[in-house]
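Q: Sharing a model that was predicted from the sequence below.
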Amino acid sequence: MARKYPIGMQSFGKIREGGYLYVDKTEMIHRLVTTGNYYFLSRPRRFGKSLLLDTLEELFKGSRNLFNGLWIEDHWDWSKRHPVIHFNFAEIPYKKLGLEKALEIELERSAAQLGLLLETHTLQGKFRELIEKAAEAMGQVVILIDEYDKALVDFLQDTDQLEINRSVMKEFYSVLKGRDAQIRFLLLTGVSRFSRVSIFSDLNNLRDITISNPFSTIAGITQEELERDFSSEIESLKRANPTILEDIREWYNGYFWGGNETLYNPFSLLNFMADPEFRNYWYTTGTPTFLFDQLKKNKLGDLDGTKTSENALAEFNVDRLDMKSLLFQTGYLTIKNREGQIYTLGYPNREVKESLLDGLLNAYREPVVDDSLVLVADLRQALRKGDVPTAVTLLDSLIGEIPYDHWNADKESIFTIITVLVFRLAGVDVYTEVHSSKGRCDVLVKTDDYIYVIELKLDGSAQEALDQILNRQYLQPYGADLRKKVAVGVAFFSEGRNVAEYLVKEV
């Protein structure tokens with residue numbers, strides 16, 4: 001019988017009762033609920049946050065039959081049960097009804113599920129009454145709030161509505177302060193940790209486990225879990241491809257939030273196991289256009305290797321967006337290295353790298369609808385073959401598609417951004433502003449057989465660009481390298497938005 005993969009499933013009960021594969025996270029869940037009471041967890045979309053909360057709900061309800069055979073079955077007191085208040089903002093119709101009204105309806109629904117009747121008429125009053133009545137009737141309350149920030153994220157480009165929703169959230173979450181006697185456990189999940197929302201200023205006992213050694217792998221799949229729970233699939237795939245484990249890791253592993261292990265995105269990994277073809281599954285789940293609009297607005301391109309502080313990663317200020325923080329919290333960048341409180345960020349894996357670069361390149365090319373990946377694939381082949389004329393022609397075609405209004409603010413940076421984006425997406429090693437003893441080159445590209453140094457001149461001459469490479473000996477540091485070394489001087493014409501001329505010299 002074929003294995004059943006819970007692709008996109010968020011119901012722990014349906015997974016267990018339906019015989020779907022479940023990666024046992026219950027030992028870490030047990031540690032979570034027995035060592036603390038108030039938590040916040042940020043993870044990108046499709047990382048199992050909703051499933052985690054649903055599992056916690058069934059645990060506190062005492063649904064022992066769903067945990068048969070799992071680690072926690074023999075480590076939990078099933079005689080103790082707690083009333084659970086579980087909100088999922090992805091399911092609340094705040095866009096249609098407004099956030100305050102939608103939350104009031106959700107509170108009424110939660111009360112009805114617990115057999116309670118609410119008598120107050122304000123949002124704060126209803127939430128307070130629900131907690132108090134549930135605790136009095138059934139014992140300490142468990143509160144699970146999923147995608148708490150969705151009502152903010154969805155309105156980042158509508159500042160008026162954003163401010164209204166922020167005000168409603170402050171009122172709503174302020175109820176939780178000082179209710180230790182009534183609350184057994186509280187967990188909020190989301191993509192971002194927004195600053196200036198009272199949930200984090202009022203609840204000073206809320207523990208942020210986003211970057212946390214003890215709980216870094218509570219959502220996502222580790223290498224050990226992959227090799228243990230998917231052993232039959234891997235053994236089968238190895239017959240055709242002995243390096244399958246390395247290939248899967250390159251495509252879907254690489255997320256890091258502390259500890260000693262990197263993680264796979266569960267959604268992508270499960271899709272691959274169901275149909276073992278290396279594809280970009282994560283990007284198809286939907287990427288906010290707002291993200292690419294902001295990157296384009298700030299004239300940003302490749303951010304691999306960028307550095308930031310721990311404090312910057314922990315917050316998301318809607319009044320002053322930090323793109324590195326936004327890319328980290330949405331899963332496009334992850335932690336690659338840490339020195340004290342300073343983090344170096346980079347792409348988690350090939351899937352995410354292609355998602356960001358392709359999405360951003362398409363954003364710059366808007367309203368052109370041609371697939372960037374087709375042109376980039378041709379560019380990759382040209383670079384690997386040493387076919388500079390074809391590579392320049394393809395680059396020229398992409399440059400010419402950038403709408404005129406994108407060039408107005410800073411023409412030279414646009415040339416560099418597009419060039420680097422294209423080369424990055426082509427899957428070659430590319431570096432910018434590479435320093436040598438006599439200066440720094442614009443772009444350095446490495447393939448298996450070639451090393452290219454490319455100097456870009458805006459409204460200058462190709463000869464000037466080529467002479468700069470040769471006179472400043474930008475290729476000298478690679479003299480011992482056996483690969484062919486090629487100097488390429490490219491002159492861009494700003495008025496025509498095209499490559500005016502180029503010169504090539506093998507060194």
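A: Arrived safely. Bear in mind that the values here come from a model prediction, so they are computed numbers and not experimental data.

Q: Next secondary structure after the lowest-mean-pLDDT helix or strand in the chain?
A: None of the helices or strands of the chain scores lower by mean pLDDT, DSSP states H and E than helix 198-202, at a mean of 62. The helix or strand immediately downstream of helix 198-202 is strand 207-208, counting by DSSP states H and E.

Q: and the spatially most central residue of the chain, what does it touch?
A: Most central in the chain under C-alpha atoms, centre = their mean is Gly331, positioned 1.1 Å from the mean C-alpha point. Going by C-beta atoms under 8 Å, 6 or more residues apart in numbering, Gly331 touches Arg43, Pro44, Arg45, Phe47, Tyr255, Asn265, Trp282, Pro348, Val352. Glycine gets a C-beta too; all of them are placed from N, C-alpha and C.

Q: Go again with 10 Å.
A: Gly331 makes contacts with 43-47, 191, 255, 265, 282, 287, 348, 352, 355-356, as judged by C-beta atoms under 10 Å, 6 or more residues apart in numbering.

Q: Next step: these restricted to helices.
A: The helices, defined by DSSP state H, take in Val352, Ser355, Leu356 from these.

Q: quick one, phi/psi of the closest residue in space to the first one that isn't next to it in sequence?
A: This means Val352. The shortest distance from Val352 to any non-neighbouring residue, by C-beta to C-beta, 6 or more residues apart in numbering, is to Tyr332 (5.9 Å). Phi and psi for Tyr332, reported as degrees, to the nearest 10, are phi -80, psi -30.

Q: separation between Tyr332 and Leu482?
A: 35 Å (C-beta to C-beta, to the nearest Å).

Q: So for these two, which residue has more residues nearby?
A: Neighbours were counted for Tyr332 and for Leu482 using other C-beta atoms under 10 Å; Tyr332 has more, 26 against 8.

Q: The more buried one is in contact with Leu326, isn't it?
A: Yes: look at Tyr332 against Leu326 with C-beta atoms under 10 Å: they come within range, at 8.4 Å.

Q: what do the two both touch?
A: Common neighbours of Tyr332 and Leu326, using C-beta under 10 Å, 6+ apart, are Leu291, Leu295.

Q: What is the burial count for Ala2?
A: What Ala2 shows, counting by other C-beta under 10 Å, is a neighbour count of 5.

Q: Can you check the pLDDT for it?
A: The model reports Ala2 with a pLDDT of 79.

Q: now swap in Thr262 and tell me
A: pLDDT, read off for Thr262, is 96.

Q: tell me the contacts of it?
A: By C-beta under 10 Å, 6+ apart, the neighbours of Thr262 are 216-217, 220, 222-223, 249, 253-256, 334-336, 348-349.

Q: now with 7 Å?
A: Residues near Thr262 by C-beta atoms under 7 Å, 6 or more residues apart in numbering: Asn253, Gly254, Tyr255, Phe256.

Q: Name the nearest of the residues you listed relative to Leu291.
A: Proximity of the contacts of Thr262 to Leu291 (C-beta to C-beta) peaks at Tyr255, which lies at 17.5 Å.

Q: Run through the residues that contact the closest one.
A: Tyr255 sits in contact with Gly220, Thr262, Leu263, Asn265, Thr334, Pro348, where contact means C-beta under 7 Å, 6+ apart.

Q: Strands along the stretch 151-300 of the chain, start to end?
A: Here the stretch 151-300 of the chain has its strands, by DSSP state E, counting those that start in this stretch, at 183-190, 207-208.

Q: Relative to Lys238, which of those is closest?
A: Of all the strands of the stretch 151-300 of the chain, it is strand 183-190 that lies closest to Lys238, at 35.8 Å by C-beta to C-beta.

Q: Show me what the mean pLDDT comes to for that closest one.
A: 95.

Q: What strands line up against it, and which way round?
A: Sheet pairing for strand 183-190, assigned by DSSP bridges, gives strand 38-42 (parallel), strand 141-146 (parallel).

Q: and the residue nearest to Arg81 when sequence neighbours are not counted, what are its phi and psi?
A: With C-beta to C-beta, 6+ apart as the criterion, Arg81 has its nearest non-adjacent residue at 4.2 Å, and that residue is Gly62. With angles defined as degrees, to the nearest 10, Gly62 sits at phi 80, psi 30.

Q: burial of Thr34, as a residue count?
A: 11.

Q: Counting by contacts, list what the helix or strand containing it packs against.
A: Taking DSSP H and E as the definition, Thr34 sits inside helix 26-35. In terms of contacts (3 or more C-beta pairs under 7 Å, 6 or more residues apart in numbering; DSSP states H and E), helix 26-35 is packed against helix 49-61.

Q: Next, the angle helix 49-61 makes with the helix or strand following the helix it packs on.
A: Once the chain leaves helix 49-61, the next helix or strand it forms, by DSSP H and E, is strand 84-88. Angle of strand 84-88 versus helix 49-61, following axes from the mean of the first three to the mean of the last three C-alpha atoms, to 10 degrees, is 170 degrees.

Q: Quickly run through the sheet partners of strand 84-88, with directions.
A: Here, using DSSP bridges, strand 84-88 pairs with strand 141-146 (parallel).

Q: so Phe127, which of the three states?
A: helix (DSSP: H, G, I helix; E, B strand; the rest coil).

Q: Test my guess that it contacts Val175.
A: Yes: here Phe127 reaches Val175: they are 4.5 Å apart, a contact under C-beta atoms under 7 Å.

Q: okay, the two: which has more neighbours?
A: For Phe127 versus Val175, the count of surrounding residues by other C-beta under 10 Å is larger for Phe127: 25 against 19.

Q: Mean confidence (pLDDT) on the helix or strand harbouring Phe423, please.
A: Secondary structure assigned from DSSP H and E places Phe423 in helix 411-425. On average, the pLDDT along helix 411-425 is 75.

Q: for it, the distance to its chain's centre please.
A: 22 Å (C-alpha atoms, centre = their mean, to the nearest Å).

Q: Next secondary structure element downstream of it?
A: According to DSSP H and E, the helix or strand after helix 411-425 is strand 429-436.

Q: Report the angle between the very next helix or strand once past that next one and helix 411-425.
A: Later in the chain than strand 429-436, the nearest helix or strand by DSSP H and E is strand 439-446. Here strand 439-446 points in a direction 30 degrees away from that of helix 411-425 (the same axes, to 10 degrees).

Q: Quickly run through the sheet partners of strand 439-446, with directions.
A: According to DSSP bridges, strand 439-446 forms sheet pairs with strand 429-436 (antiparallel), strand 450-458 (antiparallel).

Q: Rounded mean pLDDT for whichever strand or helix holds Glu104, please.
A: Using DSSP H and E, Glu104 sits within helix 99-113. Here helix 99-113 scores 96 as its mean pLDDT.

Q: Need the contact partners of it.
A: Identification of contacts with helix 99-113 by C-beta under 7 Å, 6+ apart yields 85, 87, 92-94, 117-118, 123, 126-127, 130, 151, 165, 168, 172.

Q: Inside helices: which ones of those residues?
A: Using DSSP H, these in helices are Tyr94, Leu123, Lys126, Phe127, Leu130, Ala151, Asn165, Val168, Phe172.

Q: Could you dump the residues you listed into TSV and include distance to Phe272 and pLDDT?
A: Shown next, in TSV, are the ones in helices among the contacts of helix 99-113 (distance: C-beta to C-beta, whole Å; pLDDT from 0 to 100):
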residue	distance to Phe272	pLDDT
Tyr94	34	95
Leu123	43	95
Lys126	44	97
Phe127	42	97
Leu130	42	97
Ala151	33	91
Asn165	37	92
Val168	40	92
Phe172	39	91
